[in-house]
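Colleague: just coords:
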């Protein structure tokens, strides 16, 4: 058994493969599938100029990774079913063209269109000012922009690996530094792994505080799905310990928090914050499935790593982004000041790390969806979920 | 008769020709001129790194198109006479290096140097905040930056076409998306056309609202001329229905609004807003000609498409940008709130389009200039132009 | 005797060498060393994508020039001793990824990691608003961001030259325009020169005001050193006429202003402003040497060109940027309004230039360090330095 490793990008040593590919016919033999391939290309032109894409195809599940956009996932395809959504922003945007300061700190939205987009690392949530008071009573203010910088920071090291052990496993690792002098110094080492022939991908992220002082970390996985998973009558299923609507707008739809309506022009987003119920090891599963219940996508994670979860219902018209976000995270995407009060921010000591693992699986039969539903029910067990009908002060700043 | 079509850029399908050319000797035979050529190249280095230029030469008139800068026109040359001007910003600037938020929203000026630069599409005019009150009395605020985003948005699709019908026609089409999640979703399809051997180019723009809701459109063609068209004694000639100085500074020069002075260090710009008189079909012509009256450049357009026109007199020292802007547009470049009050904003329904056509012709003999002058006089006919000596509340927010 | 000249970049004429090299074996023979080389490469990937580096190696001293970052110096190496420092920002950053407006105008810090980084040209110092009142009493406001734009402006012309006269001299010249319509129009022509086999490099900068009106210039050379020059017990030696701490924090350390402590987590920076004493020609020398006194780096300049000098003590933990800045300049890096009041801003008439020359030499023996110390003492002569114990109103705005 052997590993094959190829460095695609390493800025420090001057490695850059503008385009590159390897496939089952030319590379190692993987037991799980002979049709695997890895393809790296670089987009040119438009707002995508310079964006690199690493497409990992395990023979059944093909995933497009965007090193230029903080190792986000652009789109994926499992046996012909597309994962992702159609944003008004149609192609991946080079962060050089994203001004996060624009629109009063909402500029991030001009590059937002991925299947999976990380929010963080120093902060996520809305733009504003984070006011922090230290132990001496001195306050300092940090301006924040929507969802932080990590999705708009290119990886400086990218490497693919093929391991022929078992079914055979393909992985892509990227290293992204969110760093500034007199600022945060957080390093993301992100690895996407998928077994040959599998319906599943795993993201394993390690975020390290490279500063000599303690640092705050906020990390949210903004995974986003449109059709065919999302449609009128689609359902969200999860093991829930406690859930609250983010604001009055979400509270108005609390009765139907688990179901989705059809695309509706001008639909105003609804967000629900939840704390998952888990098995005895802290593991939990959340799933979105279609109306017929024969197609679903599930997220598996551990609340020791990702204790919070947001459901973003944004069933706008197709043209404006018909999408729902399923978002496991370390914190809720509120102002950082609020999250600090709620003690939901991860504090990393000097040199300390936080690891988060997230599995995404596609279920393309009614049986597979039902099986996942049973697994979620088993996690819920006898625990009665607490579902607040109104915004709750522990989950979000209350609307006035 | 046949068309030849070449895609130079298509981000979605991965097409990018870094450099490419075709000329009369190798391509289709065009009756109008055997010396036509099309040349595409990509600039490297400086602030121009990554900017692509498509130079269309019809055998007499050579025009440089900038897909990277929203299909603006960099410079043109008609039989040795240059069209354009010398900005302090000497070369085309990649929008990646333009921070439109800088200088309190005036950052656009750090990339401004083209012969033709579009302002829009969601807004043009000065930076500020657009306050909009909806039918329920709820107000929303949108921050705006100088002249909007379109000139700093690269085309994601670029295509050239050679049609050997008649004299033979060369065209370049680009598609530019001004889009953001939770923002506008306007698509510009711009085609520049010129007949082989002609003294004329035509811009045909179609702007489509790809959103599911109605959208506002503001579009202005900032066409800019320096020497040899602009000089002391140069004149602007147009068919005028009504005209007003933008502010007191412009009012101070109202007597001479049609003539230009020599370059003057520290000259403070003067802007005149006019509504053109037209023929029975809504067509009109505006011309700038030199002092001797033997060299001119004219703009032809239709007020159903472009009802407004601004004259920007900026006869500063040569080193600081000796230039005049002749600017047909859908609206006047005032704060969007004001233009909405004046009902000059185009509202596009979902899926709706606005088409604008603009012809630019060079007149390089006294006869040709005189002929254009007669055409303008014929359009004016007996209509007495209303020329306001002071700023007028219908044209611009009155200075306090 | 002959010159060899190679243009690496010239945007206007379309010259760009993506990678290129020449060395003693293939190029002109230089008496000072046979091991010289020049190597140009372009970084790809990460935040460095598109950054070009011109590495000049004189056979003993190797210097990496960054045309993309305003002709800054990335790092240098003299006979195995590295000059520079380790910023949390580990690799050179393409200015396309630097938003200077972010963090309330501190965005410059996200690209700050060079051995030599220019601050200016229109302004340097902290972010804020420069209020200027003209002779008629009209005030205008200019927003400023930290340390101005020049370090984030790519050179549009880059040329190397090898001159076999004497020991042989290698030089790199870059031209950088800091220009905007209705803004400043300053052009930096920067030449780095080093003799084959030498321990010395010379920067010769000419800044020209290309505007038709007078312009203000602020220029500071932010030269930055970490280990092995900086360490606990390292000393700064200079000929001093007058010196003041920038603020109370610096005043607290005034007794030890010439010495450096060990890396200390959370160390808050201390800045001292000084006006150098000079020889009869205005020349002066400043040196940083290690604790043992057997390794030093000196800066030589003339106060007619660079009358001000700042010492930035930032002995933070290694991970956060253990560094000191030795900064000769035309002004102190205070708000421009304050510097104007103190009459320290260079005013360039239309077409006028300011030339500044800065030599950096490495002293890698105790003898060489001692010799430099003697030279500094000779410059100081009998002049008693005035060292203010508290911030002084002539040097910096007094803390309230």
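Modeller: Good, I have the coordinates. What you see is a predicted model; the values in this text were computed from it and never measured. Numbers count the residues shown, from 1 in each chain, chains lettered A, B, ... in the order given.
Colleague: buried residues in the helix or strand hosting residue A:375?
Modeller: Residue A:375 belongs to helix A:366-380 when assigned by DSSP states H and E. For helix A:366-380, the buried set under the neighbour-count rule, 16 or more other Cβ atoms under 10 Å in any protein chain shown, comprises A:368, A:369, A:372, A:373, A:375, A:376, A:379, A:380. (Each C-beta comes from the backbone N, C-alpha and C, glycine too.)
Colleague: For the last one, give me its contacts.
Modeller: Under the criterion of Cβ atoms under 8 Å, 6 or more residues apart in numbering or on different chains, the neighbours of residue A:380 are A:239, A:240, A:277.
Colleague: Show me where the stretch 201-350 of chain A has its helices.
Modeller: A:248-251, A:318-321, A:336-341 (DSSP state H, counting those that start in this stretch).
Colleague: repeat for the stretch 51-200 of chain A
Modeller: When secondary structure is read from DSSP H, counting those that start in this stretch, the stretch 51-200 of chain A shows helices at A:102-105.
Colleague: Up against chain C, what does it have?
Modeller: If contacts are counted using Cβ under 8 Å from any Cβ of the partner chain, the residues of the stretch 51-200 of chain A sitting beside chain C are A:52, A:67, A:95-96, A:99-101, A:142-143, A:145, A:153-158, A:177, A:179-183, A:185.
Colleague: Could you count how many residues lie near the closest residue to chain B within the stretch 251-400 of chain A?
Modeller: Scanning the stretch 251-400 of chain A for the residue nearest chain B gives residue A:317, at 3.1 Å (criterion: Cβ to the nearest Cβ). Burial measure for residue A:317: 17 neighbouring residues, criterion other Cβ atoms under 10 Å in any protein chain shown.
Colleague: Out of the residues of the stretch 51-200 of chain A next to chain C, which sit inside strands?
Modeller: Counting by DSSP state E, the part of these found in strands is A:52, A:142, A:143, A:157, A:158, A:177, A:179, A:185.
Colleague: May I see those organised as JSON lines, with neighbour count added?
Modeller: Formatted as JSON lines, those follow (neighbours: other Cβ atoms under 10 Å in any protein chain shown):
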{"residue": "A:52", "neighbour count": "27"}
{"residue": "A:142", "neighbour count": "18"}
{"residue": "A:143", "neighbour count": "16"}
{"residue": "A:157", "neighbour count": "21"}
{"residue": "A:158", "neighbour count": "30"}
{"residue": "A:177", "neighbour count": "24"}
{"residue": "A:179", "neighbour count": "23"}
{"residue": "A:185", "neighbour count": "26"}
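Colleague: before we move on, back to that, mind giving me the ChimeraX select for the contacts of residue A:380, buried ones only?
Modeller: Paste this into ChimeraX to select the buried members of the contacts of residue A:380, with burial taken from 16+ other Cβ under 10 Å:
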select /A:239,240,277
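Colleague: Now stretch A:282-295: buried residues?
Modeller: Within stretch A:282-295, the residues that count as buried by 16+ other Cβ under 10 Å are A:283, A:284, A:285, A:286, A:287, A:288, A:289, A:290, A:293, A:295.
Colleague: Let me see the mean pLDDT of it.
Modeller: Over the span of stretch A:282-295, the pLDDT mean works out to 98.
Colleague: Then stretch A:90-105?
Modeller: Averaged over stretch A:90-105, pLDDT sits at 97.
Colleague: give me the number of residues near residue A:212?
Modeller: Considering only other Cβ under 10 Å, residue A:212 is surrounded by 21 other residues.
Colleague: how close does it sit to chain B?
Modeller: Residue A:212 sits at a distance of 32 Å from chain B (criterion: Cβ to the nearest Cβ, to the nearest Å).
Colleague: isn't that residue right up against residue C:321?
Modeller: No - with contact defined as Cβ atoms under 8 Å, residue A:212 does not reach residue C:321; the gap is 9.7 Å.
Colleague: related to what we said a few turns ago, and for the residue of the stretch 251-400 of chain A closest to chain B, nearest residue in space, chain neighbours not counted?
Modeller: The spatial neighbour of residue A:317 that comes closest, neighbours along the chain excluded (Cβ to Cβ, 6 or more residues apart in numbering or on different chains), is residue B:212 at 3.1 Å.
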